[in-house]
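Colleague: what would the 3D arrangement of this be:
(one chain, ligands or ions: 1)
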Amino acid sequence: MITIKNLCFSYDDNRIIENLNVSFNENSINCILGSSGSGKSTLLNLVCGINKNYSGIIESKGDSFSYVFQSPTLIPWLTIYENMNFALKHVIPGADIHKKIEHYLNLVDLLEYKDMFPHELSGGMKQRVSIARAFAFPSNYLLMDEPFTGLNASLKKSLKEIFIKLWSMEKKTVLLVTHDIEEALSLSKNIYVIKKKPVTELLKFSINTPLGSEELKLFKKQLLHYL
Ligand SMILES: Nc1ncnc2c1ncn2[C@@H]1O[C@H](COP(=O)(O)OP(=O)(O)OP(=O)(O)O)[C@@H](O)[C@H]1O
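Modeller: Below is the predicted model of the structure:
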């Protein structure tokens with residue numbers, strides 16, 4: 001569970017978050033939806049401790065995080081296998097690491113590419129490595145910042161399927177930020193909408209039963225109102 005109490009944060013005079021109270025469901029996918037510049041990445045950076053000068057309380061049990069960003073952050077001079085190894089070598093015992101890397105690369109259908117370098121892979125393949133690395137890392141939380149943005153529709157669909165497959169096998173508490181309503185609806189039952197800047201509240205929508213097409217249209221219209 002991630003719980004945020006009375007959180008305030010500014011970049012100099014630019015107030016981004018003002019007295020925010022929110023908690024996110026454990027072992028579920030929580031999508032944070034907001035327009036560009038509304039403070040989504042800032043909030044993720046606060047949760048994982050990159051942004052430090054805040055007031056208020058951010059509680060997260062376990063405090064270990066994996067990340068997937070919009071552009072895959074792979075080290076160019078290391079192979080795919082070595083990139084995985086680099087991220088995991090301090091947190092996974094030496095005897096287990098080889099099996100673990102191969103297991104996760106296999107899950108994202110990239111085992112045969114393990115000795116290639118990032119520049120030899122497509123954008124979608126590199127993002128699959130990022131997803132494999134994020135799940136291989138022994139963390140409680142997975143923070144995803146626009147992980148499917150900028151990819152074409154079929155690539156986006158297959159990456160989302162891979163993400164859901166790994167998450168269903170090993171549930172982590174996911175905070176995924178996006179400005180894409182369709183993406184949020186396709187990934188999560190828990191959608192938190194940033195209404196405006198500064199962020200004073202996240203409007204929570206829980207979708208527990210599948211929506212009919214008319215309900216869905218209405219719901220999207222309601223969400224668009226905030227974006
Ligand atoms: N390191 C920084 N220093 C100063 N201002 C920043 C910094 N990072 C972000 N900002 C400002 O904070 C505000 C929120 O930025 P943030 O990146 O959190 O928004 P976002 O919702 O993630 O946007 P996008 O969807 O475009 O990535 C913006 O006005 C931005 O200019």
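Colleague: and for residue 104, the neighbour number?
Modeller: Applying other Cβ atoms under 10 Å, we find 24 residues neighbouring residue 104. Where C-beta positions appear, they are placed from N, C-alpha and C, glycine not excepted.
Colleague: tell me the spacing between it and residue 134.
Modeller: Remark: distance between residue 104 and residue 134 (Cβ to Cβ, to the nearest Å) = 9 Å.
Colleague: please apply the same query to residue 195.
Modeller: 29 Å.
Colleague: ok, now residue 72?
Modeller: Remark: distance between residue 72 and residue 134 (Cβ to Cβ) = 11 Å.
Colleague: what does residue 212 give?
Modeller: Taking Cβ to Cβ, one finds residue 212 at 34 Å from residue 134.
Colleague: these two: who's more crowded?
Modeller: Under the neighbour definition other Cβ under 10 Å, residue 212 and residue 134 were set side by side, and residue 134 has more, 24 against 9.
Colleague: which residues are in contact with the more buried one?
Modeller: Applying Cβ atoms under 8 Å, 6 or more residues apart in numbering, we find residue 134 in contact with 66-68, 142, 144.
Colleague: residue 199: which of those is nearest?
Modeller: Distance to residue 199 across the contacts of residue 134 (Cβ to Cβ) is lowest for residue 144, with 18.4 Å.
Colleague: which ones are touching that closest one?
Modeller: Per Cβ under 8 Å, 6+ apart, neighbours of residue 144: 67-69, 134, 174-177.
Colleague: what sits up against stretch 148-164?
Modeller: Applying Cβ under 8 Å, 6+ apart, the external contacts of stretch 148-164 come out as 70, 107-108, 123-124, 127-128, 131, 147, 178-180, 183, 186-187.
Colleague: quick one: the strands in the chain?
Modeller: Ranges of strands in the chain, per DSSP state E, are 2-11, 14-24, 29-33, 55-60, 65-68, 141-145, 173-178, 190-194, 202-206.
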